[in-house]
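[1] kindly return the folded structure for what I paste below:
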Amino acid sequence: MKKKRGFIAAGFLSTATALTLITTPNLFAKSDTNTTVSKLEALTKFTRVIGTVEKYYVDDLTINEIINKAIKGLMANLDAHSSFLDAKSFKEMKIQTSGEFGGLGITVGMRDGALTVIAPLDGTPAYKAGLKSGDIILKINNQSTLNMTLDEAVSLMRGKPKTKINLTIVRKNEPKPLVVTIVRDIIKIQSVYTKKIENDILYIRVVSFDKKVVKDIKKALTDNPSAKGIIIDLRNNPGGLLDQAVGTVDLFVDEGVIVSQKGRVKNENEVYKAHKKGTYTNIPIVVLVNGGSASASEIVSGSLQDHRRAVIVGEKTFGKGSVQIIMPVNETEAMRLTIARYYLPSGRTIQAVGVTPDIVVPFGKVTIEKDTFSIKEAELKKHLKSELEKIEGKKEDKAEKVDPKKENIITKEDLYNDNQLKEGVDILRALIITQKQK
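    Residues are numbered from 1 along each chain as shown. This is a model prediction of the structure:
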């Protein structure tokens, strides 16, 4: 039976995510003598350290507390997305993936060791409060996020609906840290929005890849048979379900590999291929992406790019192309473990690289500015510590709030204000003319 796969998006505070549960493997299975001896020596060393901490550490810790801390340290040092889920965290994970819960409506991840906003989701409290993709969260209420794990940060941000939380953020080109006050709410997301641009272009905005995305895009295509071209807007889309990403590409590609995943264990290797049935092969497509486009968004944009089925416009994507699964440790605890990476049809990886657009267009005014945060992790942490010192005992600036009623980028006025969309429409017009000539 084929496993249903989903993205375990760290800090995904808005929509459900599919979990893959598997059993923990036998530590000594299929080991030769030398390997077994080596493992026993390593375990002896580990046991000795645990015993020493239990006996001499200044605070009285139970053996279970020590083991949990050791496991958390191990998982945190593997990569930014692997982690140990204690009883509380595992319970919260189940709540998160069950549907509705109190949250902010953002996806966060670790970038160069800093807690970074991947994307605020349209219409959520975080979006209305003015959070932006690329914002670095310096403090959650009064707690510094430096050296905080992803799970700890997510746990602090989630809470009862209608309760307030303050996030202190560092934003590119802002001289001082900003404070954003957000009121938590039950997160409900409409994932697909469709509009027309100048009557002949179909604009499809995909906020996140939930279980209805392919169905909603199919409906939009069926309801607009006269559309001469399509704009698919994946900006600030943090990802979602893999099968929906694959299904979206399959709507526009009729053959070949869509995406593959490869890991250390052969059973985790998968290849997802396109099918001819129900494919829209002739209509021109432009896909909009930016730094908030991650995971499933990168699979869709990268795969369509590799198949030369769409022109990708905007900014380089986030670079989240690894596969996580949930492995139970016992009935109440589990670990989230990275077991594979995704690869696009050309064989290139997304992880830590992202998708580079065919046409690079910064949002807003076309000016190339130095990316303040494109520095090494050690330098970034030093920078953030200095930012933290700036705000100790001082009142931080407030971030501007977004009026969601003004966010209608399909109007002529907003079309010219959004130069990524304007560039996409211009390119699509050229593709439509070329298609007619053919």
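
[2] and stretch 41-59, what's its mean pLDDT?
    Rounded to a whole number, the mean pLDDT of stretch 41-59 is 95.

[3] how about low-confidence regions in the stretch 51-200 of the chain?
    Within the stretch 51-200 of the chain, the set of residues satisfying pLDDT under 70 comprises 94-101.

[4] what ranges do the strands span in it?
    For the stretch 51-200 of the chain, the strands identified by DSSP state E, counting those that start in this stretch occupy 83-85, 102-103, 106-111, 114-120, 136-140, 143-144, 164-170, 178-183, 185-186, 192-197, in order along the chain.

[5] give me the neighbour count for Glu255.
    By the measure other Cβ atoms under 10 Å, the count of residues near Glu255 is 11. From N, CA and C alone the C-beta is placed, and that goes for glycine too.

[6] let me fix that, I meant to ask about Lys215.
    Lys215 has 12 neighbouring residues, counting by other Cβ under 10 Å.

[7] which element is it on?
    Secondary structure assigned from DSSP states H and E places Lys215 in helix 213-223.

[8] what average pLDDT does that helix get?
    For helix 213-223, the mean pLDDT works out to 96.

[9] who touches whichever helix or strand comes after that helix?
    Note on helix 213-223: by DSSP H and E, the next helix or strand toward the C-terminus is strand 229-233. The set of residues external to strand 229-233 that reach it, using Cβ atoms under 8 Å, 6 or more residues apart in numbering, is 197, 200-206, 221, 283-288, 300, 310, 421, 424-425, 428-429, 431-432.

[10] between the helix holding Lys215 and strand 229-233, how many degrees?
    Helix 213-223 and strand 229-233 are oriented at 150 degrees to each other (axes from the mean of the first three to the mean of the last three Cα atoms, to 10 degrees).

[11] now do the buried residues in helix 213-223.
    Neighbour-count burial for helix 213-223 flags Val213, Val214, Asp216, Ile217, Ala220, Leu221 (criterion: 16 or more other Cβ atoms under 10 Å).

[12] what does stretch 263-271 give?
    Along stretch 263-271, the positions that meet the burial threshold by neighbour count (16+ other Cβ under 10 Å) are Gly263, Glu268, Glu270.

[13] state which helix of the chain is the longest.
    The residue-count maximum for a helix in the chain (DSSP state H) belongs to helix 33-56.

[14] can you get me a residue count around Lys277?
    Here the neighbour count serves as a burial measure; for Lys277 (other Cβ under 10 Å) it reads 6.

[15] again, but for Ala352
    Ala352: 14 surrounding residues under other Cβ under 10 Å.

[16] shouldn't it be in contact with Gly319?
    Yes: if you go by Cβ atoms under 8 Å, Ala352 and Gly319 touch, sitting 4.9 Å apart.

[17] and the helices in the chain?
    Under DSSP H, the chain gives helices at 33-56, 63-76, 87-98, 125-129, 150-157, 213-223, 242-250, 296-306, 377-391, 412-417, 419-437.

[18] just the buried ones out of the contacts of strand 229-233, please.
    Among the contacts of strand 229-233, those that count as buried by neighbour count (16+ other Cβ under 10 Å) are 197, 201-206, 221, 284-288, 300, 310, 421, 424-425, 428-429, 431-432.

[19] can you spell out which helices and strands pack onto the lengthiest strand in the chain?
    With DSSP state E applied, the strand covering the greatest number of residues in the chain is identified as strand 334-343. Packed against strand 334-343, as judged by 3 or more Cβ pairs under 8 Å, 6 or more residues apart in numbering; DSSP states H and E, are the following elements: helix 63-76, strand 83-85, helix 87-98, strand 257-263, strand 322-328.

[20] Throw these into a markdown table and include distance to Val53, thanks.
    Output for the helices and strands packed on strand 334-343, formatted as a markdown table (distance: least, Cβ to Cβ, whole Å):
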| stretch | distance to Val53 |
| --- | --- |
| helix 63-76 | 6 |
| strand 83-85 | 17 |
| helix 87-98 | 22 |
| strand 257-263 | 33 |
| strand 322-328 | 25 |
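
[21] please identify the most buried of these.
    strand 83-85 (a mean of 25; mean count of other Cβ atoms under 10 Å).

[22] strand partners of that one, parallel vs antiparallel please.
    Neighbouring strands of strand 83-85 in its sheet, by DSSP bridges, are strand 334-343 (antiparallel).

[23] okay, buried residues for the longest strand of the chain please.
    By neighbour count, and taking 16+ other Cβ under 10 Å as the criterion, the buried residues in strand 334-343 are Ala334, Met335, Arg336, Leu337, Thr338, Ile339, Ala340, Arg341, Tyr342, Tyr343.

[24] which pair in the residues you listed spans the largest distance?
    Put simply, by Cβ to Cβ the two of these set farthest apart are Ala334 and Tyr343, 26.8 Å from each other.

[25] need the contact list for the residue nearest to the spatial centre of the chain.
    A centroid search over the chain (Cα atoms, centre = their mean) returns Pro238, at 3.8 Å, as the residue closest to the centre. Taking Cβ under 8 Å, 6+ apart as the definition of contact, the neighbours of Pro238 are Ala9, Phe12, Thr107, Ile118, Ala119, Leu121, Ser208, Gly292, Ala294, Ser295, Ser297, Phe318.

[26] for Val286, which non-adjacent residue is closest in space?
    Spatially, and ignoring its direct neighbours in sequence, Val286 is nearest to Gly424 (4.3 Å; Cβ to Cβ, 6 or more residues apart in numbering).

[27] how far away is the one you found from Asn282?
    Using Cβ to Cβ, to the nearest Å, Gly424 is found at 19 Å from Asn282.

[28] with Ser386 instead?
    The span separating Ser386 from Asn282 equals 55 Å under the rule Cβ to Cβ.

[29] what about Glu298, how many neighbours?
    As a burial measure, Glu298 scores 28 neighbours (other Cβ under 10 Å).

[30] ok, it touching Lys320?
    Yes: with contacts counted by Cβ under 8 Å, Glu298 reaches Lys320, the gap being 6.9 Å.

[31] so what sits against both of those two?
    Contact with both Glu298 and Lys320 is made by residues Gly239, Ile350, according to Cβ under 8 Å, 6+ apart.
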